[in-house]
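Participant: My questions are about this predicted structure, shown below with the sequence.
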Amino acid sequence: TPRKRRSHAVRLASGRTASMFDTISGRLSFGGKALDDRLSFVVIADGSRDTGDIPGGQSIVATDRFYVNPATGGAALAAGVTPLRIERSRAQQRLQTISIGGLALGKDFRSWGIKTDITYDFGFIQLSYLGSYRKADNTGVDFGVFGGQGYPITTLAQDFKQVSHELRAAFGTGQPLHGQVGVYYFDEDVNTMVQRGGSFGAVFSPGAIAGEFIRRTPTGSGSKAVFGTLIYDITPDLHLTGGIRYTKDRKARSGTGSGVYTSAAAIPAGTPNCTGLRCLRQSDEQRAEFEKTTWRVGVHWDSPIGL
């Protein structure tokens, strides 16, 4: 099922129009049964792409397009006073008036994934597999406003990957004693690269960092588990249940932050880890693992009135 969606355009001061987002997406699903209905399966795949001239869902249209304020020659608003609306045409309301230094803003977010559920009935046992995979990439040039001026300060590059697998074996279907056992695996990785640049001399004090900031933050997480459940039907409506699960999780993060100075004279004396005008400002290396065994025992009753 394909789908496309486009936002209203914003008119830039140069006369060019900019779109907040331009999205196209699609989804495909199919399934069925085979081998005398012993095999059943469902597969679902999807993908999307979101592009636009304005990243992050931000708006570069200033409030002076709609309301009287000091930028339009009016007085500053007092607390609790309703602002006076300026009547403008729709095209004028969408006019972007903040200077962004002439650099092109933009974003490009792409994502796709697939998941499946497959079961095969061997008669004495039913084997099921559930799996999924997702990949996403995100790039863009963002902006900020410093010292009353707009600067295209941020370049973003990000990639994301996630995969999971689960295998289950059910037994005893239709018998008083029945249950299932299974294993589970999950892995996720995210890598982010952010570069920030611009002339910040009017904002930061003399000698402070200027120019470019870089931060890379690869992170990851994972999980492995084994589990099992047993159910004994004392009567058709009364059941004794028991289950156990062992899980081991991991979390990891590795990040660095660097700064680029405008000149050697701007680097404070004694600043360590410098190569030329680039200095390592911080390093973040963390990793943790957790493991736990959980269990439960219970009795449940199927009420004839559905409670």
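Facilitator: Arrived safely, thanks for sending.
Participant: Shouldn't Arg110 be within a helix?
Facilitator: No - applying DSSP: H, G, I helix; E, B strand; the rest coil, one finds Arg110 to be strand, outside a helix.
Participant: now it: how far from Ile305?
Facilitator: Applying Cβ to Cβ, to the nearest Å, the value for Arg110 to Ile305 is 51 Å. Glycine gets a C-beta too; all of them are placed from N, C-alpha and C.
Participant: Show me which of the two is the more surrounded one.
Facilitator: Taking other Cβ atoms under 10 Å, Arg110 and Ile305 do not tie; Arg110 has more neighbours (15 against 4).
Participant: Identify all residues paired with that one through a beta bridge.
Facilitator: Arg110 has these beta-bridge partners by DSSP bridges: Arg49, Asp137.
Participant: could you measure it against Thr219, distance?
Facilitator: For Arg110, the distance to Thr219 - Cβ to Cβ - is 20 Å.
Participant: same thing with Arg281?
Facilitator: Taking Cβ to Cβ as the measure, Arg281 falls 19 Å from Thr219.
Participant: Repeat that for Ser303.
Facilitator: Going from Ser303 to Thr219 by Cβ to Cβ gives 47 Å.
Participant: The two: which has the busier surroundings?
Facilitator: Taking other Cβ under 10 Å, Ser303 and Thr219 do not tie; Thr219 has more neighbours (16 against 8).
Participant: can you pull out the strands in the stretch 151-300 of the chain?
Facilitator: 177-198, 211-216, 219-233, 238-260, 274-275, 278-301 (DSSP state E, counting those that start in this stretch).
Participant: per-residue pLDDT, the nearest residue to Arg245 once chain neighbours are set aside?
Facilitator: The shortest distance from Arg245 to any non-neighbouring residue, by Cβ to Cβ, 6 or more residues apart in numbering, is to Phe227 (4.0 Å). pLDDT recorded at Phe227 is 98.
Participant: how about Phe227, what does it touch?
Facilitator: Residues counted as contacts of Phe227 (Cβ atoms under 8 Å, 6 or more residues apart in numbering) are 181-184, 243-246.
Participant: would you turn those residues into a markdown table with neighbour count and distance to Ser128?
Facilitator: Shown next, in a markdown table, are the contacts of Phe227 (neighbours: other Cβ atoms under 10 Å; distance: Cβ to Cβ, whole Å):
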| residue | neighbour count | distance to Ser128 |
| --- | --- | --- |
| Val181 | 15 | 11 |
| Gly182 | 19 | 8 |
| Val183 | 13 | 12 |
| Tyr184 | 17 | 12 |
| Gly243 | 16 | 17 |
| Ile244 | 15 | 19 |
| Arg245 | 16 | 17 |
| Tyr246 | 14 | 20 |
